[in-house]
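Chemist: Pasting the sequence and the predicted coordinates here, then a few questions.
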Amino acid sequence: MEEGMTEEHNDEISEELTKEEINEAEIEEPSDSAEVEPEMEVEPEAEVEAEVEAEVEVAPEADGVEITAESVVESVLFASDEPLSESRLANIVETSGKVIREHITNLNDKYKANNSSFTIEEIAGGYQMMTLGPFNPWLQKLLRVRSDSKLSPAALETLAIIAYRQPVIRADIEAIRGVGAGEMIRGLMYKGLAKIVGRAEVLGRPILYGTTKKFLEVFGLNSLKDLPKIEELKEPPAQ
């Protein structure tokens, strides 16, 4: 009887030792998740380079417009009034001269395909956006209009008097300037900047002069209310 109890007791002890060994093994050996770090996917070198190139070529959209290196080249050439060298364009766009040449070729291909009136020409060691030869007759008309719109200091002074004093008669203009104003007034009328707006209700009913819509357009005004205040035009006192 005692032997049976002894054997049963021994089995229980053996089972308890087995559990302790298992618990010790779990404590000493780290789990698989702690021992093995997850493998990091390494992107192929070509894909990384492609992503870097894409970051250089395409910038975030601004006002719904996608900005690319090619569109930057186009905008810079459009705004410039002189030829820009390949190296200068490359510095502005932050790219190579080879890429600049490729962009210019692509732009000219687009202009030709769209039947545009302009192209990018290589002039004096640089690039400049130019209109095509067949459009010269219309450009000459534009240049003549610009030439006609140029004003001498005397004409500008006369026009300022008309603008601020209108409707104004010739005698008042001459009184302010101290010289005859007939020729200047006729010149301003020829350029479309001044016009006859009526006659004064005084002896002799002299002609009244005022400015035109073209005057507003030339000086970038929406209305005569947008003219600078006379006080703003005075020179500051000498210090």
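Modeler: Right, received. Where do you want to start?
Chemist: Quick check: buried residues in the helix or strand harbouring Arg186?
Modeler: Assigned by DSSP states H and E, Arg186 belongs to helix 182-190. Residues of helix 182-190 classed as buried: 184-185, 187-188 (neighbour count, 16 or more other CB atoms under 10 Å). All C-beta atoms are positioned from the backbone trio N, CA, C, and that covers glycine.
Chemist: how about these in CSV, adding pLDDT and distance to Phe215?
Modeler: CSV is the format used below for these (pLDDT from 0 to 100; distance: CB to CB, whole Å):
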residue, pLDDT, distance to Phe215
Met184, 90, 14
Ile185, 92, 13
Gly187, 88, 13
Leu188, 91, 9
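Chemist: any chance you could map the strands in the protein?
Modeler: Along the chain, counting by DSSP state E, strands occupy 58-62, 65-68, 118-123, 126-131, 168-169, 194-199, 207-211.
Chemist: Model confidence for Ile100, exactly?
Modeler: pLDDT, Ile100: 93.
Chemist: List the buried residues for stretch 103-123?
Modeler: 103-104, 107, 111, 120.
Chemist: and that stretch, how far apart are its ends?
Modeler: 17 Å (CA to CA, to the nearest Å).
Chemist: contacts for it?
Modeler: 69-70, 73-74, 77, 83, 127-132, 135 (CB atoms under 8 Å, 6 or more residues apart in numbering).
Chemist: related to what we said a few turns ago, among the buried residues of stretch 103-123, which two are most distant?
Modeler: Longest distance between any two of the buried residues of stretch 103-123 is 12.6 Å, between His103 and Tyr111; criterion CB to CB.
Chemist: State the distance from Glu121 to Pro167.
Modeler: Distance of Glu121 to Pro167, given as CB to CB, to the nearest Å: 50 Å.
Chemist: next one: Asp226
Modeler: 19 Å.
Chemist: Could you check which of the two is surrounded by more residues?
Modeler: Neighbours were counted for Asp226 and for Pro167 using other CB atoms under 10 Å; Pro167 has more, 15 against 10.
Chemist: surely that one meets Gly198?
Modeler: Yes: using CB atoms under 8 Å, Pro167 is in contact with Gly198, at 6.3 Å.
Chemist: Mutual contacts of these two, please.
Modeler: With CB under 8 Å, 6+ apart, Pro167 and Gly198 have common neighbours Leu208.
Chemist: For Val168, the count of nearby residues, please.
Modeler: Residues near Val168, counting by other CB under 10 Å, number 20.
Chemist: For beta bridges, what are the partners of it?
Modeler: Beta-bridge partners recorded for Val168 (DSSP bridges): Tyr209.
Chemist: for this structure, what spans make up the helices?
Modeler: For the chain, the helices defined by DSSP state H occupy 2-28, 32-35, 45-57, 69-79, 86-93, 97-113, 136-149, 153-165, 170-177, 182-190, 213-218, 230-233.
Chemist: worst average pLDDT in those helices?
Modeler: helix 45-57 (a mean of 42).
Chemist: Confirm for me that Arg101 is in contact with Glu86.
Modeler: Yes: under the criterion of CB under 8 Å, Arg101 makes contact with Glu86 at 7.0 Å.
Chemist: if we can go back for a sec, in TSV, list the buried residues of helix 182-190 along with distance to Ala90.
Modeler: Listed next are the buried residues of helix 182-190 as TSV, based on distance: CB to CB, whole Å:
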residue	distance to Ala90
Met184	51
Ile185	54
Gly187	48
Leu188	48
